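K.L.:
Below: sequence and its predicted model.
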Amino acid sequence: MKRRMLRLFSSFLCIVSIGLAWAAFAPIPQDETIPPERWQTGTKAVLPFYAGLYNDFPRTNAPPDNPSTPEKASLGRLLFFDPVLSRDNDMSCSTCHHPDLGFSDGRQTGMGAGGTGYGVQRTGGVVFPRNTLTQWNVAYNKSLLWNGSLSTLEQVIAGTMVSPEEFASNPDQVVDELRTIPEYVHLFDAAFGSDAEAVSFVNIARAIATFQRSLISNNSPYDRYAAGDFDALTPQQRRGLALFRSSRTRCNDCHSAPTFSDDGFSVTGVPPLPGTEYDPGRAAVDPQGMYRAFKAPTLRNIALTAPYMHNGVFPSLEKVMDFYAQGGGRKDGVENMDVHVQGFTLTDSERAELVAFLYALTDEGNLAEIPASVPSGLPVVPRLENPGREAVQRVNRSESAEQDSGGRHPRVFTVESGQTIQSVIDLAQAGDTVQIPFGSYSESVVVDEPGIRLVGLPNSRGDHPILDGDGRLAHGVLASADGFEMAFLDLKRYSDAQVLVKNASNLFLHDISIAGPGLLGLSLQSCSNVRVEDVHVTAMKSAGVYVSSSEQVSLLGVDSYNNAIGMELENSVYSTIQSSHAHGNALGIFVLLQPHLQSKVSLNTLLSDNVVENNNAEFLGGQALPDGTGILVLAADDVESRGNTIRGHRRAGLVVVSRTGKLAQTVMDVGIYPDHFAADRNFYAANHADVIWDGGGDGSNFDDETASSVPGVLPSSEWIKPFYRLYWWALRLFGRPPL
């Protein structure tokens, strides 16, 4: 009996030893390492980026085995308009993608085989469940069709030709028919070489795809404005552009220049057509795809392609604006709603301004001419009327004025009595300074010209000029200009972001006071190399300072108090908060990695020599974030907290956690662990818990002296790696501390 017990005990010790050995050397789960070229932070996310709004288009989607040539495009144009490719010789690509209808068909949903007529008059054919997508700028799409089921134009064309609901063609029969037409044989030889295989099913698709890639819209009034022609947009359209780019509407987050599409898939909650079921969208073709997620299509030439959305449910752009203003499907409880679709308030004039700006994305300079005839001799589509063109001509300027472009020394402009700030900014060019005398101004200003200095002139007591939104204006200052400097100004009572800067680099924002009520104080999105110094911000419903998808942002001497969040660094890299003060907020400093954004990383953040105290307000609106917290690090990597004073918090001074539990999302497209966190020389006092760590992440070190922590023992830089791993697995076994 004793021997048996001894053997059992020995076996138990052996198992425990093996388990401990495994835990000591088993790798800790880590998130995927994202290489720098995929960070998508700062202005690199929109490179090539020159200044302000202007940046180049990305590379086209032409595959290596089908480089574009003029000969292919010419052949593809004729094939695009020729019904010879369909089984009954009654449909061409242009039947559903008519050039006069924005290369769409004007119908709510498309109609295929068996139909007669064109555009909205087409009847009697197979009715598709989805709206027909435009072919304008399809050259830049990395995923095609509403659900992204195909990745090349060549695949789409081949699939269309053999689909029984579309062309219903037999590839061999089509090729044989084309080989009987001498003109086509000659054109295929010119495009693909003179051999017996020049006329082939594969080359048909290649030629049409090449033609489609030539349908480029890149000289709209917006493009001319972005390139420096200020008068290319009307004042109404400039106001619409400001709304489009604002964090109130967030249109620009999914429809950013130059393509005005992010080539991704989002759930917006578009309602189904009466009598139809919900379309699963991306979920039908990708196991990881979200239910009811669809492609964010380009907005270029959008005025020509009504009706709108994947099922054509909205007949006008005004109805689309109303849908997003009410929060899309969020009010109906649609799951996995895109984080950018939150709802907003629009006046009738603001809605008209947004629509007017969308008209400014119209450019048919490369409109393909409908051929008078095609080599098969079959009839081609007729010209069609498009009421959208009349609307565009009515709203857009008929011609743009030339701007004085340089060859002069920097100038100083001062806002005079009777002038608006915007009217003076509109006169300035790179290197100029716009001075705002002391006083109160109720307006929103937009700065798109690079190298502008916008400075206030304080009075004799040092009081700054005031920009007052009066609770009715969205933004005080909206900028997308490299080299922008702003100083000596006070802003208050704008409903959204008091100051919003997007897609800009080399910024200096200093000596500014910002007061609510409003959503955000200072918002920096996709910016690079930014210095924010001596900024005071209070009474914001969200964050006092909000930095998203940016890089090399330094917040120095920022005083953020009585906001929901004092300072927030989201999906950004190489950023610093130093010598700043966060107090009286619900959450003092927040560093996080947020899912469903273009940037998928949050890296290399330094929090140094800050005072973070008494952040004990309550979050409103049921947020899952832990209020009563000084510093929260959520799934962000390589964060260092050094020399900070953290005191007086009813929950915790410092919280470092993974994105799990209440802080998780249903579908995650980013890492969840806060790897390589480091705390050193911080001072804690009067916190309910000085530090809460859920054990997530690899390589975290806490070298501070703490009065209390959860768990009671925190790893330090002196721990050897095997011991760290043992402790990490022990925390996994016995559970993470709750928030």
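P.N.:
That came in fine, so what should we check first?
K.L.:
From F413, how far off is R453?
P.N.:
10 Å (C-beta to C-beta, to the nearest Å). (Each C-beta comes from the backbone N, C-alpha and C, glycine too.)
K.L.:
Now do the same contact list for D279.
P.N.:
P129, R130, P272, R292, F294, H310, N311 (C-beta atoms under 8 Å, 6 or more residues apart in numbering).
K.L.:
which SS state does H310 fall under?
P.N.:
Using DSSP: H, G, I helix; E, B strand; the rest coil, the secondary structure recorded for H310 is coil.
K.L.:
now swap in A209 and tell me
P.N.:
When the rule is three-state DSSP, A209 gets the label helix.
K.L.:
Which residue comes closest to it once chain neighbours are left out?
P.N.:
In space, and not counting its chain neighbours, A209 is closest to L153: 3.8 Å by C-beta to C-beta, 6 or more residues apart in numbering.
K.L.:
can you check R107 too?
P.N.:
V120 (5.9 Å).
K.L.:
can I assume that neighbour sits in a helix?
P.N.:
Yes: assessed with three-state DSSP, V120 lies in a helix.
K.L.:
Neighbours of it, how many?
P.N.:
By the measure other C-beta atoms under 10 Å, the count of residues near V120 is 14.
K.L.:
Now do the same for it: its pLDDT.
P.N.:
On the pLDDT scale, V120 is placed at 95.
K.L.:
anything in contact with each of R453 and F413?
P.N.:
With C-beta under 8 Å, 6+ apart as the test, R453 and F413 both reach D432, T433, V434.
K.L.:
now, which of those lie within strands?
P.N.:
T433, V434 (DSSP state E).
K.L.:
picking that back up, pretty sure the residue nearest to A209 contacts V138?
P.N.:
Yes: L153 is within contact range of V138, at 6.7 Å (criterion: C-beta atoms under 8 Å).
K.L.:
neighbour count winner among these two?
P.N.:
Taking neighbours as other C-beta under 10 Å, L153 and V138 compare with L153 leading, 26 against 22.
K.L.:
Contact partners for the more buried one?
P.N.:
N61, V138, L144, A205, I208, A209, Q212, R213.
K.L.:
give me the element the first one is part of.
P.N.:
What it means is N61. For N61, there is no host helix or strand (DSSP states H and E).
K.L.:
Kindly tell me how buried it is, as a neighbour count.
P.N.:
19.
K.L.:
I'd say it and T210 touch.
P.N.:
No: contact between N61 and T210 fails when scored by C-beta under 8 Å: they sit 11.4 Å apart.
K.L.:
element containing the residue nearest to the spatial centre of the chain, please.
P.N.:
For the chain, the residue nearest the mean C-alpha position is D253 (3.3 Å; C-alpha atoms, centre = their mean). Per DSSP H and E: D253 is located in helix 251-254.
K.L.:
try G388
P.N.:
G388 belongs to helix 387-395, assigned by DSSP H and E.
K.L.:
what's next to the helix or strand just after that helix, contact-wise?
P.N.:
Using DSSP H and E, the helix or strand that follows helix 387-395 in sequence is strand 412-414. Residues outside strand 412-414 that contact it (C-beta under 8 Å, 6+ apart) are V424, L427, A428, D432, T433, V434, Q435, P437, L457.
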